[in-house]
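[1] I need the structure of the sequence given here:
(one chain, ligands or ions: 1)
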Amino acid sequence: MNFHVLTLFPEMIENGMNTSITGRAIENGLLSLNAVNIRDFAFNKHSKVDDYPYGGGAGMLMQAEPVYLSFESIVEKIGYKPRVVYLTPQGSVFHQEMAKELAQEKDLVFLCGHYEGIDERVLEEIVTDYVSIGDYVLTGGELPAMVMMDSISRMVPGVLNNQESGETESFAGNLLEYPQYSRPEEWHEKKVPEVLMSGHHANIAKWRREQSIIRTVTRRPDLLKKAELTNKEWNYVRQLKKELKEKNNETVNDKSISDIDTEQKNRRK
Ligand code: ADE
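    As a prediction, the model looks like this:
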């Protein structure tokens, strides 16, 4: 996988990506990183790449031409027009399946905006995918590009070793990962669940599956819609949801009782 990043801050991208697992993969030649400074393609002697928006409004816009020329430099280098991801809160929200799909590409270009955005005309000409990493606004596209490259890298064969492999992790089958424990056996008076010490592989697998289901029901019930469960497991989900609802009602009721108590006390004063 060859990553190309069009940015005003190439050193930010290089520092982030040359670290840890992605850094190792770049060293091994499984990934390559080409951070292109858009400012190198400015067409004035001050290397200015931004200007005021027509029609007025706050902030500055990145101009079309330097962005276009920096993209063209990549096309010239690789000999074809690759997919271009523009990082923007207005894009489709990034998810694991998107990471898997993008990992199939030979080259990927990430276009990082700054200021108030980029002149629409160059976006129309070069961008193939508009992607957001979540419903919040960041100061630029560099962090989102790194988030995407990190998760895409994990899906490139060979980037993760066996121990790091993504098979049984969060989002496999749309379930969250089960809790994990390491030495010591007891810490802060908390013991490792006995089943994990039993050496009974079938029981351990069963316990982990149950824990994954419990976690997903309590923390990310929205994922269940797409989860791959057996009929028995769906029944278990129903039972868990019922229990949770009862528990929540209890806490709501307890709270309302204590609210009434305080209100009465206040009135008596
Ligand atoms: N640029 C600014 N905020 C962003 C976000 N949430 N996702 C992608 N790109 C962005």
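
[2] list the beta-bridge partners for Leu6.
    Note on Leu6: beta-bridge partners by DSSP bridges are Val36, Leu111.

[3] what's near enough to touch it?
    Neighbour list for Leu6: Val36, Ile38, Val67, Ser70, Phe71, Ile74, Val109, Phe110, Leu111, Cys112 [criterion: CB atoms under 8 Å, 6 or more residues apart in numbering]. For the C-beta atoms, the positions are set from N, CA and C on the backbone; glycine is no exception.

[4] out of the residues you listed, which comes closest to the ligand?
    Distance ranking of the contacts of Leu6 against the ligand, using CB to the nearest ligand atom, places Cys112 first at 8.1 Å.

[5] list the residues that contact the closest one.
    When contacts are counted by CB under 8 Å, 6+ apart, Cys112 touches Val5, Leu6, Thr7, Leu8, Phe9, Leu87, Gly140, Gly141, Glu142, Pro144, Ala145.

[6] run the last query once more with 7 Å
    If you count contacts by CB atoms under 7 Å, 6 or more residues apart in numbering, Cys112 has them with Val5, Leu6, Thr7, Leu87, Gly140, Gly141, Glu142, Ala145.

[7] tell me how far the closest residue in space to Tyr136 that isn't next to it in sequence lies from Val109.
    Spatial nearest neighbour of Tyr136, excluding adjacent residues (CB to CB, 6 or more residues apart in numbering): Pro89 at 7.4 Å. With the distance defined as CB to CB, to the nearest Å, Pro89 ends up 19 Å from Val109.

[8] who's more crowded, these two?
    Set Pro89 next to Val109 and count neighbours by other CB atoms under 10 Å: Val109 wins out with 28 against 16.

[9] in a helix, that's where the more buried one is, yeah?
    No. Assessed with DSSP: H, G, I helix; E, B strand; the rest coil, Val109 is strand; it does not lie in a helix.

[10] thinking again about what came up before, for the contacts of Leu6, which one is nearest Glu120?
    Distance to Glu120, by CB to CB, is smallest for Val67 among the contacts of Leu6, at 11.3 Å.

[11] check which helix or strand that closest one maps to.
    Using DSSP states H and E, Val67 sits in helix 64-78.

[12] give the buried residues for that helix.
    Ala64, Pro66, Val67, Tyr68, Leu69, Ser70, Phe71, Ile74, Val75 (16 or more other CB atoms under 10 Å).

[13] correct me if wrong: the last one contacts Lys81.
    When you say that, I think you mean Val75. Yes. Using CB atoms under 7 Å, Val75 is in contact with Lys81, at 5.7 Å.

[14] how about the residues of the chain by the ligand?
    Leu87, Thr88, Pro89, Ser132, Ile133, Gly134, Tyr136, Val137, Leu138, Gly141, Pro144 (CB under 6 Å from any ligand atom).

[15] neighbours around the closest residue in space to the fifth one that isn't next to it in sequence, how many?
    Closest residue to Ile133 apart from its sequence neighbours, by CB to CB, 6+ apart: Pro144 at 4.4 Å. Close neighbours of Pro144, defined as other CB under 10 Å, add up to 24.
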